[in-house]
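> fold the following for me, if possible:
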Amino acid sequence: MRDAATRSDAAHSAALRLVVITPELPFPGIASAGATYLSRHLDVLEEVGTVRVIAPSHSGNRRALETWTRRAEVHLVGGADADLHVRGRDRVWNGLRGAGLGAEFRRRLRREPHLRETIAHADVVEFHWTDSAGLLADVRRLNARATTVIVCHDIHAQLWGRRAAYARGWRKAYFAARGWVTSRAERRLFSRADAVVFLSHKDRDLAVQACPGRESAFWVIEPPLADAALVPVGRAGADFAPGADLPTVVLSGAFAFPKNSQAAMWLVDKVWPLVAARCDARLVLVGADPTPAMRAAAADPRIEVTGWVEDPRAYVAAADVFVAPLLTGSGVKFKVIEALVLDRPVVGTDIAWEGIDCPGAMPVPAEPAAFARAILSVLSDPDAAREQAGVRGAWARERYGMERHRRELRAVLATVAPSP
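This is a model prediction of the structure:
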């Protein structure tokens, strides 16, 4: 396996012309963990060359552009009313292809002169998320000499497979079919890109199994979350005050994503009654877009549902236990890393801990009684739990620090990118 080792090549990297194609732009307060990662990633790219970002012109990206202060130039593709990534026809298109940002985005990328010129002059084209990588062949037609790099945030085929495992009836068949199509697309794209960057060794191993013989093109650069997690942009505030004298269990996530709302309701319905029967504690569900069922759960005075908050990390930092009861999903769970960095005891399922080889971590089976016992174990001996969390936090701050990310990303670019 190739490790991203330190390599000094400042003259080479300083002149690089980089294009980033992404479905999302980062902005303060965005609920997407992947977009938060992209923000840190762009910090490094702007250090090593000139950066241009191409993204769909949907409402979230237009909001991001309003507060955009980076040196990177942004091209939004589509009109003012073009929510390209959520249109029904584009969902069908992406589903049939296994990866893509929609037929209209692809058409504009291939035909609009300023976008063609942007691609044609690039030394490196990065595709964030597999959906963006669906444009790899189109980019190659516009610029055959550019180095193509897929930054794979997670393995989508694994996500669809896990959703199929929990689904029933027609949904089960639908999720299984999406998994099959997506698996074929990922194998094709991973085999054709000049380099693929994964955020964990677990995901790289899955790709190696799917694409034997491509190991030399697959890299691991773990996400730079430690520095960001240590800089709060808000505080828990008054809405976190009720019951402050009680031990607090916190789950944080963007609940518009089914994997997060499913985890929240499994925790509320299956696990929390077992905890509440043994311990006087409160549960706080932190994050945007809670479902109606989640809001209804707040009728219990010991359950709080915050909705959107300025900085979920403020709640995580104040928790006695951070929980990650994920039943489905793929990729590295950024919220788990952030909780580790903040020295919080973490109770999570096997899926929650995937790709995070933290010393002493003990993943819990996705079984209500086992998960409840793990929470109660932390609450029953808080001093020991805090001591262990401090050790794991020190490990996480070194493993997921910005300096390490900067060093390894620069090394990959110096190795795979052409000399300008």
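
> what are the contacting residues of stretch 251-261?
The list of residues contacting stretch 251-261 from outside it, by Cβ atoms under 8 Å, 6 or more residues apart in numbering, reads 31-33, 159, 163, 263-264, 267, 283-291, 293-294, 312, 315-316, 322-329, 335. Every residue, glycine included, has its C-beta placed from N, CA and C.

> the closest residue to residue 319 other than its chain neighbours: neighbour count?
What sits nearest to residue 319 in space, not counting adjacent residues and going by Cβ to Cβ, 6 or more residues apart in numbering, is residue 250, at 3.7 Å. The criterion is other Cβ atoms under 10 Å. On that basis, residue 250 has 26 neighbouring residues.

> does residue 250 touch residue 287 like I think?
No. Counting by Cβ atoms under 8 Å, residue 250 stays clear of residue 287, with 10.2 Å between them.

> going on from the helix or strand containing the residue nearest to residue 319, what's the next piece of helix or strand?
Using DSSP states H and E, residue 250 sits within strand 248-252. Stepping forward along the backbone from strand 248-252, the first helix or strand reached (DSSP H and E) is helix 258-266.

> what angle sits between the strand holding residue 250 and helix 258-266?
With axes from the mean of the first three to the mean of the last three Cα atoms, to 10 degrees as the criterion, the two stretches strand 248-252 and helix 258-266 enclose an angle of 160 degrees.

> direction included, what does strand 248-252 pair against?
strand 282-286 (parallel), strand 321-324 (parallel) (DSSP bridges).

> following the longest one, which helix or strand comes up?
Beyond strand 282-286 on the C-terminal side, the first helix or strand identified by DSSP H and E is helix 292-297.

> pull out the buried residues from the helix or strand following that next one.
Counting by DSSP H and E, the next helix or strand C-terminal to helix 292-297 is strand 303-307. Along strand 303-307, these residues count as buried under the neighbour rule (16 or more other Cβ atoms under 10 Å): 303-306.

> where does pLDDT dip in the stretch 1-150 of the chain?
In the predicted model of the stretch 1-150 of the chain, residues 1-14, 28-32, 79-99 satisfy pLDDT under 70.

> for it, just list every one of the helices.
Under the criterion DSSP state H, counting those that start in this stretch, the stretch 1-150 of the chain contains helices at 10-14, 33-48, 59-66, 88-97, 103-111, 113-120, 129-133, 136-142.

> tell me the one of the buried residues of strand 303-307 nearest residue 180?
Of all these, the one with the least separation from residue 180 (Cβ to Cβ) is residue 305, at 36.4 Å.

> coming back round to it: can you redo the helices of the stretch 1-150 of the chain as CSV with mean neighbour count and distance to residue 21?
As requested, the helices of the stretch 1-150 of the chain are arranged in CSV below (neighbours: other Cβ atoms under 10 Å; distance: least, Cβ to Cβ, whole Å):
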stretch, mean neighbour count, distance to residue 21
helix 10-14, 15, 20
helix 33-48, 20, 11
helix 59-66, 17, 12
helix 88-97, 14, 14
helix 103-111, 18, 8
helix 113-120, 14, 9
helix 129-133, 25, 5
helix 136-142, 16, 8
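
> can you check which of these gets nearest to residue 199?
Among the helices of the stretch 1-150 of the chain, helix 33-48 comes nearest to residue 199, with 7.6 Å by Cβ to Cβ.

> would you tell me which helix is longest in the protein?
Here the longest helix in the chain is taken by residue count, with DSSP state H as the criterion, and it is helix 169-192.

> what are the buried residues along it?
Judged by neighbour count (16+ other Cβ under 10 Å), helix 169-192 contains these buried residues: 175-176, 178-179, 181-183, 185-190, 192.

> which strands and helices sit next to that helix?
For helix 169-192, the packing partners by 3 or more Cβ pairs under 8 Å, 6 or more residues apart in numbering; DSSP states H and E come out as helix 88-97, helix 129-133, helix 136-142, strand 147-152, helix 156-166, helix 201-210.

> out of the ones you listed, which is closest to residue 44?
Using Cβ to Cβ as the criterion, the shortest distance between residue 44 and the helices and strands packed on helix 169-192 is 11.7 Å, found for strand 147-152.

> compute the inter-axis angle for the closest one and helix 169-192.
Inter-element angle recorded for strand 147-152 and helix 169-192: 150 degrees (by the same axes, to 10 degrees).

> which residues are contacting strand 147-152?
With Cβ under 8 Å, 6+ apart as the contact definition, strand 147-152 has outside contacts at 41, 123-130, 133, 136, 139-140, 189-190, 192-199, 203, 207, 412, 416-418.

> roughly how far is that strand from the heart of the chain?
In terms of Cα atoms, centre = their mean, to the nearest Å, the gap separating the centre of strand 147-152 from the centre of its chain is 16 Å.

> burial count for the closest residue to residue 327 other than its chain neighbours?
Spatial nearest neighbour of residue 327, excluding adjacent residues (Cβ to Cβ, 6+ apart): residue 366 at 5.4 Å. By other Cβ under 10 Å, the residues close to residue 366 number 21.

> residue 366: what's it in contact with?
If a contact means Cβ under 8 Å, 6+ apart, then residue 366 has 266, 325, 327, 349-351 as its contacts.

> 10 Å instead, please
Contacts here follow Cβ atoms under 10 Å, 6 or more residues apart in numbering; on that basis residue 366 touches 166, 263, 266, 270-271, 325-328, 348-352.

> now render these as CSV, adding distance to residue 298 and pLDDT.
Converted to CSV, those look like this (distance: Cβ to Cβ, whole Å; pLDDT from 0 to 100):
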residue, distance to residue 298, pLDDT
166, 25, 86
263, 17, 96
266, 17, 97
270, 17, 97
271, 16, 98
325, 18, 97
326, 21, 95
327, 22, 94
328, 24, 91
348, 23, 97
349, 24, 97
350, 29, 95
351, 26, 95
352, 23, 96
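
> now, those residues that are in strands?
Using DSSP state E, residue 348 are the members of these that sit in strands.

> what two of the contacts of residue 366 are the furthest from one another?
Greatest spatial distance in those: 166 and 348, 17.4 Å, computed using Cβ to Cβ.

> can you pick out the residue with more neighbours from the two?
Comparing residue 166 with residue 348 by other Cβ under 10 Å, the one with more neighbours is residue 348, at 26 against 15.

> rewinding a little: and residue 371, which of the helices and strands packed on helix 169-192 is closest to it?
Comparison of the helices and strands packed on helix 169-192 against residue 371 by Cβ to Cβ identifies helix 156-166 as nearest, at 16.1 Å.

> perfect, I'm done here.
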